[in-house]
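# Got a predicted structure here, sequence first:
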Amino acid sequence: AQSVSQHNHHVILSEAASLELGCNYSYGGTVNLFWYVQYPGQHLQLLLKYFSGDPLVKGIKGFEAEFIKSKFSFNLRKPSVQWSDTAEYFCAVKRGAGSYQLTFGKGTKLSVIP
Amino acid sequence: GAGVSQSPSNKVTEKGKDVELRCDPISGHTALYWYRQSLGQGLEFLIYFQGNSAPDKSGLPSDRFSAERTGGSVSTLTIQRTQQEDSAVYLCASTLNQGDTEAFFGQGTRLTVV
């Protein structure tokens, strides 16, 4: 069965620190990869996605993620976090070629201290 | 509407009662997912609808859970004889089609079984 692992349950950073959240998946075929963010009291929203092409994808609010196929990874990065980035971040994987099964990781809670 | 709408936003019910949760997907979206979000558990897939195809019910945790989607639009998730472990946030998402598209989430229904 397909699975998604997020390495950190809770990350605490000071403002301006750099961020990297790990995500690994188990499926070996073609995949579509997503990072979703859930700000306090708000619904899940898409941060960025990878379908094909350049493995370095850029999303909203200065976030980026790199797909490394050989490592089955899709880590999320931001060079300098802000207090407003405090949220829960979810990695998700969908098998490619028209598949529908969208599997989420357990999420990483990010707390940014002003 | 402009987004995925779920109702009610909060539901408190007594153990043993039945509950119905409603999801209005984005107009024109053919695919609809239900997920359950429990503290520290990420998003647990429950059921998937795609057009007029038979739904994928493989994620439903027990036969107390059922869902239907009428007319390819509105969906209702029903939980019979609720138990305390059913307490969670139930999320609905829709996608334009089965292929390489992102999922749009509703705000969720927070269910508390007392």
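That came through fine.
# Please name the nearest non-neighbouring residue to the residue positioned nearest the centre of chain A.
Nearest to the mean C-alpha position of chain A, by C-alpha atoms, centre = their mean, lies residue A:35 at 3.5 Å. Of all residues not flanking residue A:35 in the chain, residue A:47 sits nearest, at 4.3 Å (C-beta to C-beta, 6 or more residues apart in numbering or on different chains). All C-beta spots, glycine's among them, are computed from the backbone N, C-alpha and C.
# On the three-state scheme, the one you found is what?
On the three-state scheme (DSSP: H, G, I helix; E, B strand; the rest coil), residue A:47 is labelled strand.
# Same check on residue A:61?
Secondary structure, three-state DSSP: residue A:61 is helix.
# For residue A:12, list each beta-bridge partner.
On DSSP bridges, the residues paired with residue A:12 through beta bridges are residue A:111.
# and it, how many residues sit next to it?
11 (other C-beta atoms under 10 Å in any protein chain shown).
# same check, this time on the one 4 residues further on
By the criterion of other C-beta under 10 Å, residue A:16 has 10 neighbours.
# next one: the one 4 residues further on
Counted by other C-beta under 10 Å, the residues lying close to residue A:20 total 14.
# wait, doesn't it sit right on residue A:75?
Yes: the pair formed by residue A:20 and residue A:75 meets the contact definition of C-beta atoms under 8 Å, at 5.7 Å.
# what do these two both touch?
Common neighbours of residue A:20 and residue A:75, using C-beta atoms under 8 Å, 6 or more residues apart in numbering or on different chains, do not exist here.
# what sits against residue A:59?
By C-beta under 8 Å, 6+ apart, the contact set of residue A:59 is A:35, A:46, A:47, A:48, A:49, A:65.
# Greatest separation within those: which pair is it?
Spatially, the most separated pair among the contacts of residue A:59 is A:46 and A:65, at 11.9 Å (C-beta to C-beta).
# In terms of neighbours, single out the busier of these two.
residue A:65 (26 against 16).
# thinking again about what came up before, quickly name whichever of the contacts of residue A:59 is closest to residue B:12.
Nearest to residue B:12 among the contacts of residue A:59, counting by C-beta to C-beta, is residue A:46 at 30.8 Å.
# tell me which helix or strand of chain B sits lowest on mean pLDDT?
Lowest on mean pLDDT, DSSP states H and E among the helices and strands of chain B sits strand B:42-50, with a mean of 91.
# can you tell me if that one touches chain A.
Yes: judged by C-beta under 8 Å from any C-beta of the partner chain, strand B:42-50 and chain A are in contact via B:42, B:43, B:45, B:48, B:50.
# thought residue A:83 was touching residue A:114?
Yes: Residue A:83 is within contact range of residue A:114, at 4.9 Å (criterion: C-beta under 8 Å).
# what's the overlap in contacts for these two?
Shared contacts of residue A:83 and residue A:114, defined by C-beta under 8 Å, 6+ apart, are found at residue A:15.
# When those two are compared, which one has more neighbours?
Per other C-beta under 10 Å, whichever of residue A:83 and residue A:114 has more neighbours is residue A:83, with 11 against 7.
# what about the more buried one, distance to residue A:77?
Distance, residue A:83 to residue A:77, by C-beta to C-beta, to the nearest Å: 18 Å.
# Could you pull up the mean pLDDT of stretch B:24-41?
Mean per-residue pLDDT for stretch B:24-41: 90.
# Can I get that stretch in PDB? Just the C-alpha atoms.
Below are the C-alpha coordinates for stretch B:24-41, written out as PDB (Å, rounded to 0.1, in the frame of the first residue of the first chain):
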ATOM      1  CA  ASP B  24     -21.400  20.600  -1.600                       C
ATOM      2  CA  PRO B  25     -18.500  20.300  -4.000                       C
ATOM      3  CA  ILE B  26     -17.300  22.900  -6.400                       C
ATOM      4  CA  SER B  27     -19.700  23.100  -9.400                       C
ATOM      5  CA  GLY B  28     -18.500  21.000 -12.300                       C
ATOM      6  CA  HIS B  29     -16.100  18.900 -10.200                       C
ATOM      7  CA  THR B  30     -16.700  15.200 -10.900                       C
ATOM      8  CA  ALA B  31     -14.600  13.700  -8.200                       C
ATOM      9  CA  LEU B  32     -15.300  13.900  -4.400                       C
ATOM     10  CA  TYR B  33     -13.400  12.600  -1.400                       C
ATOM     11  CA  TRP B  34     -14.200  12.300   2.200                       C
ATOM     12  CA  TYR B  35     -11.400  12.200   4.800                       C
ATOM     13  CA  ARG B  36     -11.300  12.100   8.600                       C
ATOM     14  CA  GLN B  37      -8.800  14.200  10.400                       C
ATOM     15  CA  SER B  38      -7.900  13.200  14.000                       C
ATOM     16  CA  LEU B  39      -5.400  14.800  16.200                       C
ATOM     17  CA  GLY B  40      -1.900  13.600  15.300                       C
ATOM     18  CA  GLN B  41      -3.200  11.200  12.700                       C
END
